[in-house]
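Undergrad: The following block contains a protein sequence and its predicted model.
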Amino acid sequence: MTVKPYILALLEGDPIRGKTKVVHQLFLIAKDIVKEKTDFKFFPYQFGPYSTVVAQEFNSLIDQGHVKHSKSGNTFIFELTDSGRELVRQQDLDIQIVEKIQSLKEATANHRVKDMLDIIWAKYPEYLVNARIF
């Protein structure tokens, strides 16, 4: 399965503030919820785990008009468009996975980048390699 359904499930509902937060939430989805079902191909990077697969799919969803972004100060805010919400309905994700994704999103909604990295690095210290922020 591709990463697209998981990105869409994450963006369902309330907007998300910050692209780095989206990536960090998707990392936790990959490691804690999806596990081996999809290869997100995350690797250690300067600002925490990163995936070119996720970045390309996320940017593709923006380019296709399924995800829109606006700017508030220095932060981008991401949310689904009407066509993105329709695309969500077309996905075949298990309802329990969707509920876990929404629960993770809610639990981390107000976390700053440092908060997200503290969670990630506590559980997955191997992703601390190459980090430039602590």
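TA: That came through fine. Numbers count the residues shown, from 1 in each chain.
Undergrad: Strands of this structure, residue ranges please.
TA: With strands called from DSSP state E, the chain shows them at 16-17, 67-72, 75-80.
Undergrad: Tell me which of those strands is the most buried.
TA: strand 16-17 (a mean of 18; mean count of other C-beta atoms under 10 Å). Where you see a C-beta, it was placed from the backbone N, CA and C, and this is true even at glycine.
Undergrad: ok, and what's touching it?
TA: 10, 22, 25, 72, 75-79, 105, 109 (C-beta atoms under 8 Å, 6 or more residues apart in numbering).
Undergrad: Which strands or helices does the lengthiest helix in the chain pack on?
TA: Across the chain, the longest stretch assigned as helix under DSSP state H is helix 95-108. Contact partners of helix 95-108 among helices and strands, from 3 or more C-beta pairs under 8 Å, 6 or more residues apart in numbering; DSSP states H and E: helix 4-11, helix 19-28, helix 113-123.
Undergrad: Would you mind listing where the protein has pLDDT under the threshold?
TA: Along the chain, segments meeting pLDDT under 70 span 133-134.
Undergrad: correct me, but H69 touches T81?
TA: No. The criterion here is C-beta atoms under 8 Å, and H69 misses it with T81 at 10.4 Å.
Undergrad: From Q25, how far off is T2?
TA: 17 Å (C-beta to C-beta, to the nearest Å).
Undergrad: So those two - more neighbours on which side?
TA: Between T2 and Q25, Q25 has the larger neighbour count (other C-beta atoms under 10 Å), namely 24 against 11.
Undergrad: Quick check: the more buried one vs K19, distance?
TA: 11 Å.
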